[in-house]
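# Provided below are the primary sequence and the corresponding predicted coordinates.
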Amino acid sequence: MLVRYRFRAYPDGGQAKMLARSFGCARTVYNDAIWARRKARAAGESLSDSEVQRRVVTQAKQTPERAWLAEVSSVVLVQACQDARRAYRNFFDSIAGKREGRKVGAPRFRSRKDHRQSIRFTRNGFTVTRHGVRLAKIGQVKLVWSRELPAEPSSVTVIREADDQYYVSFVVEISAKPLPASPRVAGVDVGLIDLAAVTYSDGTREKVYNPRHLRANEKRLAKAQKILSRRQKGSNNRNKARMRVAVLHRKVRNTRLDHHHKLASRLIRENQTVAVEDLAVRGLARTRLAKSVHDAGWATLIRLLQEKAIRNGRTVIKIDRWFPSTRTCSLCGVVSEPKPLGVRVWECACGVRLDRDYNAAVNILDAAGLAESLNACGGNVRLRLAGAVACEARTHRTANVRVPA
């Protein structure tokens, strides 16, 4: 399997200028490739990948308007052509129904006003050294090696983020290392009040508190953005204000990602199988809860669970998004009417008081076909796992404890 290892880079002044030039040249070649394919399609002409590359790289270097393309590594320019080719292939595959996931639109031009830029080098364009990585026509860029690379990388991507921090991302092929088998399985119901309600087959349950990283930094972000809006466009002070906003967003993003990584690692390490819902996050992001949904980062958490499961020999089961996990009584199976988000505890017609989140987690386990593991824990295990406890009805965090029968 292919994984990425990302490290912080510290280019010097001359290397930073050369990287900026490389970013601009790669962006120009990408846009030229998109434009060449658009013109050919409008004229009814069929262009091969090699012909596009010959026009926008080889021939363009010989013209006065694009002579400066020769100042950067040709590897970067070729990879920009490959990016344009892949963008068109994804577009056509999406139209034909050959590509899974959401629909992909036609490729768009890259903008020089985008503060996040990147270039990619293949194996003949870089060399990994003890102190960093040596890039073609740029030199040796210093890296902070936070961990060792498990194998020789096949490609490297240099990224400049919006806050002017540089990163180097290596693509490395590794083999999966299965963890020892675990007898426990888990059902996970994600939410906004609590990031996740988890029920385990050994009779324990847990609610993971939602840190709300964006909400916690909302005042500082609002102040920084207000200062940014008052700065004159094109001035140095506006660029400094933009950097402050980018730094705050980067801290929020990194803190959220770190929390998701730790939670996903723990769930995969302690459970043989994890069952989750296949949520339509893009649809939920169009509702009045859009900011909270993005702040929770459900899609990232589920993606990390799947990636870590493949890497560690575990299983992640995604159940249908239309399954009524919240409205279904986990004890008698009766599906009740929809519940407003403010209803955290509800009572079924069979007389059982159920915790909204725990009940959904138990139903997710059942829908994933893991009910037998629950039955092995005792006669009334579903009631113990899904039932509401008086002290838990209004708490924001519940420890990982065994619920008494």
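Thanks, I have the structure now.

# mind listing the strands in the stretch 1-150 of the chain by residue range?
Under the criterion DSSP state E, counting those that start in this stretch, the stretch 1-150 of the chain contains strands at 2-10, 117-122, 126-128, 132-135, 139-143.

# who wins for proximity to residue 333 among these?
Closest to residue 333 of the strands of the stretch 1-150 of the chain, according to Cβ to Cβ: strand 2-10, at 41.8 Å. Every residue, glycine included, has its C-beta placed from N, CA and C.

# Go ahead and measure how far the closest one is from the middle of the chain.
Chain-centre distance of strand 2-10: 15 Å, with Cα atoms, centre = their mean, to the nearest Å.

# do the same with stretch 9-28
Chain-centre distance of stretch 9-28: 26 Å, with Cα atoms, centre = their mean.

# List the buried residues for it?
Within stretch 9-28, the residues scored as buried using 16 or more other Cβ atoms under 10 Å are 9, 11, 15-16, 18-19, 22-28.

# Among those, which are located in helices?
Judged by DSSP state H, those include 15, 16, 18, 19, 22, 23, 24, 25, 26, 27, 28 as members of helices.

# could those residues be laid out in a markdown table, adding pLDDT and distance to residue 389?
Putting those into a markdown table (pLDDT from 0 to 100; distance: Cβ to Cβ, whole Å) gives the following:
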| residue | pLDDT | distance to residue 389 |
| --- | --- | --- |
| 15 | 97 | 59 |
| 16 | 97 | 57 |
| 18 | 97 | 62 |
| 19 | 97 | 57 |
| 22 | 97 | 59 |
| 23 | 97 | 56 |
| 24 | 97 | 60 |
| 25 | 97 | 62 |
| 26 | 97 | 58 |
| 27 | 97 | 57 |
| 28 | 97 | 62 |
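
# Check those residues and tell me the two furthest apart.
15 and 28 (20.2 Å).

# one step back: output the ones in helices among the buried residues of stretch 9-28 in TSV, with distance to residue 387 appended to each entry.
Formatted as TSV, these follow (distance: Cβ to Cβ, whole Å):
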residue	distance to residue 387
15	61
16	60
18	64
19	58
22	60
23	57
24	62
25	63
26	58
27	58
28	63
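
# Tell me which helix or strand the nearest residue to residue 284 once chain neighbours are set aside sits in.
Nearest non-adjacent residue to residue 284, counting by Cβ to Cβ, 6 or more residues apart in numbering: residue 293, 4.8 Å away. Under the criterion of DSSP states H and E, residue 293 resides in helix 290-296.

# With residue 252 instead?
For residue 252, the host element (DSSP H and E) is helix 236-270.

# Tell me the helices and strands packed up against that helix.
Helices and strands touching helix 236-270, as assessed by 3 or more Cβ pairs under 8 Å, 6 or more residues apart in numbering; DSSP states H and E, comprise strand 185-190, strand 194-200, helix 213-216, helix 218-229, helix 298-312.

# State the mean pLDDT of the last one.
Think helix 298-312. The predicted model assigns helix 298-312 a mean pLDDT of 95.

# What are the buried residues along it?
Under 16+ other Cβ under 10 Å, the buried positions of helix 298-312 are 298, 299, 300, 301, 302, 304, 305, 306, 308, 309, 311.

# The last one: what's it in contact with?
Contact partners of residue 311, counting by Cβ atoms under 8 Å, 6 or more residues apart in numbering, are 1, 3, 174, 176, 177.

# Just checking the distance from stretch 228-242 to the centre of its chain.
Remark: stretch 228-242 is offset 30 Å from the chain centroid, using Cα atoms, centre = their mean.

# hmm, who's touching it?
115, 162, 224, 227, 244, 245.

# And this structure, what are its domain boundaries?
Following automatic domain parsing, the chain resolves into domains at 2-173, 185-402.

# Give me the contacts around the strand or helix carrying residue 169.
Under the criterion of DSSP H and E, residue 169 resides in strand 166-173. Contact with strand 166-173 is made by 1-11, 16, 19, 128, 133, 141, 143, 149-161, as judged by Cβ under 8 Å, 6+ apart.
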